[in-house]
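Q: quick one, fold the following:
(one chain, ligands or ions: 1)
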Amino acid sequence: MIAFEHVGKRYGGRYDALAHLDFRVRRGEMVFLTGHSGAGKSSLLRLIMRLERPSRGRILVAGHDIDRLHHSQVPFYRRQIGVVFQDHQLLFDRSIYHNVALPLEIQGVEPREAARRVRAALDKVGLLHREKALPIELSGGEQQRVGIARAVVNKPALLLADEPTGNLDPQLSADIMRLFEDFHRIGTTVMIASHDLALIARLRHRMLRLHEGRLVADEEAA
Ligand SMILES: Nc1ncnc2c1ncn2[C@@H]1O[C@H](COP(=O)(O)OP(=O)(O)OP(=O)(O)O)[C@@H](O)[C@H]1O
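A: Numbering: from 1, shown residues only. You can find the predicted model right below:
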């Protein structure tokens, strides 16, 4: 699903934020990305989203070199990817329903079809009964689940998350990770950047570890 071939990223100057990255993630796999602050986790995810472009090497997603996408193709490419952020980036003046519906509205999906998909996504994260609420009325864990519903409302083949449990206590973090495992189980490729090593160890999935922009470990769960 994802192949990095000798990928490097330099943000100007002489400093490589990422260097010599070579790895593959198979379709349907679930992978954690770890490393110290500044190791390059967010940069790597931004390269996959094509928010950044590599300074060196090639990134293939579903067999396509994403650097070669014409800029008019980029929105379509990004639609195949669901993204979850630590701060979930919800719109606080819109209901839960409308937050999740937003990507579909932007694409012009017909309202009845959009409603069906929004409710299916909210149901998956256990928040169908809160669709009329505003984000402010929800707990931090529930807000993050809304962020996940919005990320999966398009049924993306690939789900990326950048520190999705960063602000949550251990119990809520484990709940959120279980949700990602549910999507992995139905065939979605999942990649999660996290520095919560205790939680990652318990979940037993493959782990890629970055150190100063280099891949220093690639461990399958025992
Ligand atoms: N847009 C940018 N311009 C210049 N330097 C950048 C940019 N984005 C990231 N960097 C640098 O690249 C390196 C990797 O940063 P990145 O945010 O990818 O790390 P990270 O592992 O996600 O860290 P954290 O866990 O703190 O979010 C850092 O040294 C950072 O300062």
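Q: buried sites along the helix or strand bottoming out on mean pLDDT in the chain?
A: Between all helices and strands in the chain, the lowest mean by mean pLDDT, DSSP states H and E belongs to helix 197-203, at a mean of 89. Within helix 197-203, the residues scored as buried using 16 or more other Cβ atoms under 10 Å are 199-200, 203. Backbone N, C-alpha and C define where each C-beta goes, glycine included.
Q: so which of the residues you listed would you say is closest to the ligand?
A: If you rank those by distance to the ligand using Cβ to the nearest ligand atom, residue 200 comes first, at 13.8 Å.
Q: quick one: the closest one and residue 34 touch, right?
A: Yes - contact criterion Cβ atoms under 8 Å: residue 200 and residue 34 qualify, at 6.4 Å.
Q: which regions of the protein lie under the pLDDT threshold?
A: The chain contains residues with pLDDT under 70 at 222.
Q: look up how far residue 101 lies from residue 183.
A: Look at residue 183 and residue 101: by Cβ to Cβ, to the nearest Å, they are 19 Å apart.
Q: just to revisit the earlier point, shared neighbours of residue 200 and residue 34, anything?
A: Residues touching both residue 200 and residue 34 (Cβ atoms under 8 Å, 6 or more residues apart in numbering): 194, 207.
Q: ok, and the closest non-adjacent residue to residue 151?
A: residue 82 (3.4 Å; Cβ to Cβ, 6 or more residues apart in numbering).
Q: from the chain's centroid, how far away is the helix or strand where the one you found lies?
A: For residue 82, the host element (DSSP states H and E) is strand 81-85. Strand 81-85 has its average C-alpha position 4 Å from the chain's average C-alpha position, going by Cα atoms, centre = their mean, to the nearest Å.
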